[in-house]
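>>> Predicted coordinates and the sequence they were generated for:
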Amino acid sequence: VHLVESGGGLVQAGGSLRLSCAVSGVTFDSYDIGWFRQVPGKERVPVSCISSSDGRTHYADPVKGRFTISGDNVKKTVYLQMNSLKPEDTGVYYCAWDGPCFPGMSEGYYDDWGQGTQVTVSS
């Protein structure tokens, strides 16, 4: 599986970005994808995940009500719509393949990762 993130950038607080995770090398009939954020010197922390088999989604508490995860089976892409961005949302955002989507999600459940896309939110 090959994952490519895009859509990051520099935005002012209160602004929006939409991240994309394009998937190739696997069938996309059913997928479980997570988004994580990492800042220098820290571990990747979970942001959101989606399980296409039952439509289940999960959001970390800091992003609930502001971020929305969705998938497009035709484009083989998962999106993370980020609204009302805050400076603390700054970091490199990674998507990851085939991990369980539940409140206890963590990077240890995922084996395949994209290269990441930088999100910087200025105050």
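Right, received. Where do you want to start?
>>> How are the strands of this structure distributed by residue range?
2-6, 9-12, 17-24, 32-38, 45-51, 56-59, 67-72, 77-82, 91-97, 112-113, 117-122 (DSSP state E).
>>> Work out the gap between the fourth one and the centre of the chain.
If you compare the mean C-alpha spot of strand 32-38 with that of the full chain, they lie 4 Å apart, counting by Cα atoms, centre = their mean, to the nearest Å.
>>> Can you give the strand pairings for it, parallel or anti for each?
Strand partners for strand 32-38, identified by DSSP bridges, are recorded as strand 45-51 (antiparallel), strand 91-97 (antiparallel).
>>> contacting residues for the residue most central in space within the chain?
Computing the C-alpha centroid of the chain and ranking residues by Cα atoms, centre = their mean puts Trp35 first, at 2.5 Å. The neighbours of Trp35, taking Cβ atoms under 8 Å, 6 or more residues apart in numbering as the test, are 19, 21, 46-49, 69, 78, 80, 93-96. All C-beta spots, glycine's among them, are computed from the backbone N, C-alpha and C.
>>> now those residues: which count as buried?
19, 21, 46-49, 69, 78, 80, 93-96 (16 or more other Cβ atoms under 10 Å).
>>> how far away is Ala96 from Val1?
10 Å (Cβ to Cβ, to the nearest Å).
>>> what residues are shared contacts of these two?
Asp112.
>>> Now the strands paired with strand 32-38 in TSV, please, with extra columns for distance to Phe28.
Shown next, in TSV, are the strands paired with strand 32-38 (distance: least, Cβ to Cβ, whole Å):
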stretch	distance to Phe28
strand 45-51	12
strand 91-97	11
